[in-house]
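[1] Pasting a predicted model and its sequence here:
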Amino acid sequence: MSHSLSLLFYIKKSKADEHGKANIYMRITVDGRRAECSVSRKVKLNEWNSKTQLALGNSMVAQEINRELGVIKNKIYGIQQQFQREEKEYTAIDLRDTYLGKDKTRKMLLEIFQEHNDKVESLIGKDFSAGTAERYRTCKKHVGEFIKKKYKKNDITVKDVNHQFINGFEYYLKTTRKCAHNSAIKYITNFKKIIRIAHANDWIDKDPFLHWKGKLKIVDREFLTQEEIQKLINKELKMERLDQVRDIFIFCCFTGLAYADIKKLTKDDVVIGVDGEQWVKTRRTKTDTRSNIPILPIAQTIIEKYKDNELMKIKNLVLPVLSNQKMNAYIKEIADLCGITKNLTFHLARHTFATTVTLSNGVPIESVSKMLGHTNLKTTQHYAKILDMKVSKDMAILRSKFK
């Protein structure tokens, strides 16, 4: 993309020294935006022609100054042509900094993002999960589309990211992309990591996120009641695929395992615990924390149902889990058949384990947190806040004492 470029050489008469000499400055203007710097030469006030932007006279000093100004002008135009050949976007500041040798690491935002994402991809299964890599890929895509919409460019320099850019990106996510508040904040938090990398490498002078505060809204998580769980269990499903998905969903309701964890659950993860009963002992895909879960009778029945499945024997897996997309689609179909109006997703099973199955039955929140593999008890406390039924039962006990 071509830009309008103009150069101006001038002096500041008010800043002349005691000998009547003033510094010569260069002003670079690209598309109406300016950048200035001194050319490290001085000239007497009465020996400068502001119209020609040259030193007056034929003296050796005047000729030397004028030659140097011509060389500087050629350098600036040369830098511009180089940027255009490389098809890189540039500003007046970029031209000035490159001329001064300050911009040896002129970094483009999406290039930095892609370098980061490539590293994340190479560390899947070690430091990162596939889901984390996918979130960063999606975030980069959203940033790229925002740049095209807002700036009509394919990329911008990381120096162009400021507080206004961040607020604009948040607005874009919530309006154009129709993201909910929490989803938008999570994308911006992912993007924040890229800017922190740029700041740590001195590619930008200050962190534009310094005065940005993104606060997640507390969302009341839906869960199934005991009656709704019973409806699912009792429902006769004639289609094998639905019966299979129902079994896995119920298994997760009684173990609290997330989709990623149940999909990779092997028979080696089912072990005899300290109480002589069977436990699930696995590491969470999301946080790499340990989850130790005693297997309740209904979950044990489901394990037994699939233990002779030939495909499960070959893969050494516990249950035949389909893709996340299919699991979510089928569980909604099952909900309709059971007359359950809640928006069922596979992850709702995990919420159900935390609330209906454990907390509402008096299991201490510390034990629930450990079984869920939470790294912070505050995460588990979100479930406790919505258990009105538990509060009702506790108060009923208290009420009876006062009677």
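    Sure thing, it's come through. Numbers count the residues shown, from 1 in each chain.
[2] Only C-alpha atoms from now on, for both contacts and neighbour counts.
    Noted.
[3] okay, now the domains of the chain?
    Listed domain ranges for the chain are 5-100, 109-200, 226-402 (source: automatic domain parsing).
[4] Looking at these, which is nearest to Trp212?
    Ranking those by proximity to Trp212 (CA to CA) places domain 109-200 first, at 7.3 Å.
[5] still on that earlier bit, save the domains of the chain as a markdown table, and put in mean pLDDT, mean neighbour count and distance to Leu216 too.
    Compiled in a markdown table, the domains of the chain are given as follows (pLDDT from 0 to 100; neighbours: other CA atoms under 10 Å; distance: least, CA to CA, whole Å):
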| stretch | mean pLDDT | mean neighbour count | distance to Leu216 |
| --- | --- | --- | --- |
| domain 5-100 | 92 | 16 | 35 |
| domain 109-200 | 93 | 16 | 5 |
| domain 226-402 | 87 | 17 | 13 |
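[6] Out of these, flag the one nearest Asp207.
    Across these, closest to Asp207 is domain 109-200 (CA to CA), at 6.2 Å.
[7] ends of that closest one, how far apart?
    Using CA to CA, to the nearest Å, one end of domain 109-200 lies 14 Å from the other.
[8] next one: that domain to chain centre, how far?
    With CA atoms, centre = their mean, to the nearest Å as the basis, domain 109-200 stands 6 Å off its chain's centre.
[9] next one: stretch 214-226
    20 Å.
[10] buried set for it?
    Buried residues in stretch 214-226, defined by neighbour count with 16 or more other CA atoms under 10 Å: Glu222, Phe223, Leu224.
[11] quick one: contacts of that stretch?
    Stretch 214-226 is contacted by residues 181-182, 185, 189, 342, 348-349, 351-352, 355-357, 382-383, 386 when judged by CA atoms under 8 Å, 6 or more residues apart in numbering.
[12] what's the most distant pair in these?
    The distance between the two most remote of these (CA to CA) is 33.2 Å, for Thr189 and Val357.
[13] What segments of the protein are strands?
    5-11, 21-30, 33-44, 48-49, 54-55, 270-272, 278-283, 290-294 (DSSP state E).
[14] Quick one: closest of these to Lys126.
    Using CA to CA, the strands of the chain put strand 278-283 closest to Lys126, at 12.7 Å.
[15] And the contacts of that closest one?
    261, 265, 269-273, 289-295.
[16] rerun at 7 Å
    By CA atoms under 7 Å, 6 or more residues apart in numbering, the list of residues contacting strand 278-283 from outside reads Asp269, Val270, Val271, Ile272, Gly273, Thr289, Arg290, Ser291, Asn292, Ile293, Pro294, Ile295.
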